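K.L.:
Following is a predicted model, sequence given first.
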Amino acid sequence: MLVAFLRRHPPSTPNSRKAMKPILKVLFLIFTCAPHVLLADDFDLYYLGGQSNMEGFGSSAELSEDERQPVKDAWIFHSTPLPDQQPALGSGKWTPVQPGHGTGFSSDSSAVQRSDRFGVELSFAKTLRAQRPDRKIAIVKYARNGSSIDQTIALHWGCWEPDFEAKTGAYRDINQYDHFLATLNNALQVRDIDGDGKEDRLIPTGILWMQGESDAAHNEEVARNYQKNLKRLMDLFRSALRADDIPIAIGRISDSKMGSGSPNWKYSNLVREAQARFCYEDKAAKLVTDTDGYGYSDPWHYDSKGYLQLGARFADAILTIPYRPVDSIFEEGRKLVVEVGEGAGGEGPAWDATLGVLTSGNGNIHRWSLDRNASVYREGAGTNGLLFDPKGNLLACEPKLRRVTRSDRDGKLTVLTDSFEGKKYNTPNDLAVDSKGRIYFSDPRYGDRSDMEILDSAGKTIEGVYRIDLDGTVHRVLGREVDRANGVLVTHNDKYLIVADNNNDSLGAARKLWRFDLKSDGNVDPKTARSLFDWGQGRGPDGVKQDSKGNLYVAGGLNRSNPPFETDASVRAGIYVIDLNGRLLDFLPVPTDEVTNCAFGGTDGKTLYVTGGGTLYSARLK
């Protein structure tokens, strides 16, 4: 048995930790390479661990009727939390995700005893299923109230340090890491987790970790060692799951200061800094930072609303971590080249095989020629989004004059539209063209909103998407179905309309990438809306382009927080590469704010041009 092997060969040396991998590899091959793979169901596998705020103190009685229902196609294997120096049984049973998996839960191999509490698993599963409805979810949960990582403060609550051994007593070599291994092993022994008669494949997809309060409560040395201890433990979790780059979402510890008004965790700032450094240095880790805003049910634990918020934010964090190795799309080394700066690379860009790259900036259209010379192509243009149509004409959004124009190769400019139903546009921003030559453009308003003219029947502003047909007529495609449309794209074969919805000056507003089914007549059914990606409390999406494989390249994020509305600094500035199902494939960091747009170009079409902070960059794709 795997756990018995690890007892005889604890992962305390490099050699023994290496020995763990082939054993677990065999176990995972049972699920990922089973002989009847055509009959198998795929489940994305997540591990949830930590201490009491991962164990969960939310009150099931405070949930709505809808929140009390089992989450469809989401299953959980949850073993009973045990102290150190207890046999590592890891007993549990796969059951649907529902309330009752909080503190007080217990289980054995044949039955589960749900409590009247819940943890983050409930809203985590619901949020993931909403974002990825085509993916089934499997959760392995083992968390222990009051547990620490550092073995120097190991008390009766439990210690996660794999090498920790108690000084006296029976089973003194059993600790929380052993209980985790036993739980994982038993969970993976089950071939059909949902009981539908088909063998299931579990695909390691993410780790959620909420812990650190105990390590912040004792002394400064323990708190300062937290990053080192956390990294070692996460490395071993990844090894156990046979995935070196599996995404990790860390919940930042917070302090209620309830009671005396003094911190409950004396060294919490040091542990919080350690969590932030770990996530900054680990390319596949993300820190959930909004825990300071959660309510508490007692001095140590969040209230029910807080657990629902935390679970949803864990899901958002996991979805914003690339699931492939970082060099899978861009050339090795991921070198970002500065082409031209000084404000020339503000927006656009658009590639032409003769002209090179055109960009918007400093009120002009700039040209970066094939022989790498910079010049002003059209002075005083006042443009934003630029795009060449199939005939080589330059299409432009002109927010200054609130219009959309077309310029032919001789420089003749035609105004395609400057109003809708007699009302001036807000500020046309970005545009796209479908295979029939119809033009789609977004019309948001950033900044002063006093002269906005386009309103709905209730008097509310509309910042939607419009379509210009071949006969010149203009139709609204999306109105208040989106908050503030920015980047737009029509995918290959006119299958989808992609809209970057970015309201950056309102708390809780949309910062999402939407996918709509596009009909042959150029309209969309709002009911087909699917959120592909959510930037949460960071800076949302801007321009978007699509490569030949169908992947989306989306400009977004910031390199620093921008209070009061864009507060999540972990949503970094760069190009987010996302597939059409919303999975983040890769991320290209960009050093300047704001990253506004991108375009493919170069003689082979494998150069990505990026505009950000007034600079035009380029990066090579594989």
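P.N.:
Right, received. Where do you want to start? Bear in mind the structure is a predicted one, so any value in this text is a computation, not a measurement.
K.L.:
which residues does L82 contact?
P.N.:
89, 144, 158, 179 (C-beta atoms under 8 Å, 6 or more residues apart in numbering). C-beta: built from backbone N, CA, C; applies to glycine.
K.L.:
top of these by neighbour count?
P.N.:
H179 (29 neighbours; other C-beta atoms under 10 Å).
K.L.:
Confirm I318 sits in a strand?
P.N.:
No - applying DSSP: H, G, I helix; E, B strand; the rest coil, one finds I318 to be helix, outside a strand.
K.L.:
For the nearest residue in space to it that is not next to it in sequence, give the beta-bridge partners.
P.N.:
Excluding its sequence neighbours, the residue lying closest to I318 (C-beta to C-beta, 6 or more residues apart in numbering) is G206, at 4.5 Å. Beta-bridge partners for G206, by DSSP bridges, are Y46.
K.L.:
Could you give the number of residues near G206?
P.N.:
Count around G206 with other C-beta under 10 Å applied: 27.
K.L.:
Number of residues surrounding T289?
P.N.:
26.
K.L.:
so C598 bridges to which residues?
P.N.:
Here C598, judged by DSSP bridges, has bridge partners V610.
K.L.:
Could you report the separation of the residue nearest to I318 from Y294?
P.N.:
21 Å (C-beta to C-beta, to the nearest Å).
K.L.:
any weak-confidence spans in the stretch 301-450 of the chain?
P.N.:
323-328, 334 (pLDDT under 70).
K.L.:
how about 50 then?
P.N.:
Residue ranges of the stretch 301-450 of the chain with pLDDT under 50: 325-326.
K.L.:
What of the stretch 451-600 of the chain?
P.N.:
Checking the stretch 451-600 of the chain against pLDDT under 50 turns up nothing.
K.L.:
And the strands in it, which stretches?
P.N.:
Assigned by DSSP state E, counting those that start in this stretch, the strands in the stretch 451-600 of the chain fall at 465-468, 474-478, 485-490, 496-502, 511-517, 530-534, 541-546, 552-556, 574-578, 584-589, 595-601.
K.L.:
Go through stretch 190-205 and flag the buried ones.
P.N.:
190, 193-194, 199-205 (16 or more other C-beta atoms under 10 Å).
K.L.:
closest to E566 among those residues?
P.N.:
Nearest to E566 among the buried residues of stretch 190-205: T205, at 28.0 Å, using C-beta to C-beta.
K.L.:
That closest one touches Y46, doesn't it?
P.N.:
Yes - the pair T205 / Y46 is scored as a contact, 5.9 Å apart, by C-beta atoms under 8 Å.
K.L.:
Need the residues touching each of the two.
P.N.:
In contact with both T205 and Y46: I318, using C-beta under 8 Å, 6+ apart.
K.L.:
Would you mark the buried spots in the helix or strand Y142 falls within?
P.N.:
Using DSSP states H and E, Y142 falls within strand 136-143. Neighbour-count burial for strand 136-143 flags 136-143 (criterion: 16+ other C-beta under 10 Å).
K.L.:
would JSON lines of the residues you listed with distance to S570 and pLDDT be doable?
P.N.:
Output for those, formatted as JSON lines (distance: C-beta to C-beta, whole Å; pLDDT from 0 to 100):
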{"residue": "K136", "distance to S570": "28", "pLDDT": "95"}
{"residue": "I137", "distance to S570": "23", "pLDDT": "97"}
{"residue": "A138", "distance to S570": "26", "pLDDT": "98"}
{"residue": "I139", "distance to S570": "23", "pLDDT": "98"}
{"residue": "V140", "distance to S570": "25", "pLDDT": "98"}
{"residue": "K141", "distance to S570": "24", "pLDDT": "98"}
{"residue": "Y142", "distance to S570": "26", "pLDDT": "98"}
{"residue": "A143", "distance to S570": "23", "pLDDT": "98"}
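K.L.:
got TSV for the residues you listed, with distance to C598 too?
P.N.:
Shown next, in TSV, are those (distance: C-beta to C-beta, whole Å):
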residue	distance to C598
K136	33
I137	32
A138	36
I139	36
V140	38
K141	40
Y142	42
A143	41
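K.L.:
gap between the nearest residue to D41 once chain neighbours are set aside and S254?
P.N.:
Sequence neighbours aside, D200 is the residue nearest to D41 in space, at 4.9 Å (criterion: C-beta to C-beta, 6+ apart). Between D200 and S254 the computed distance is 37 Å (C-beta to C-beta).
K.L.:
ditto for L394
P.N.:
51 Å.
K.L.:
just T491 next, same as before
P.N.:
Distance from T491 to S254, by C-beta to C-beta: 41 Å.
K.L.:
Looking at these two, which is more packed in?
P.N.:
A side-by-side neighbour count of T491 and S254, using other C-beta under 10 Å, places S254 first with 21 against 17.
K.L.:
Can you classify that one by secondary structure?
P.N.:
coil.
K.L.:
Hmm, D290 and it touching each other?
P.N.:
No - taking contacts as C-beta under 8 Å, S254 lies outside contact range of D290: 9.3 Å.
K.L.:
ok, for Y294, nearest residue in space, not its chain neighbours?
P.N.:
G306 (3.3 Å).
K.L.:
I meant to write Q98 there.
P.N.:
Distances taken as C-beta to C-beta, 6+ apart put P70 closest to Q98, at 4.2 Å, once the chain neighbours are dropped.
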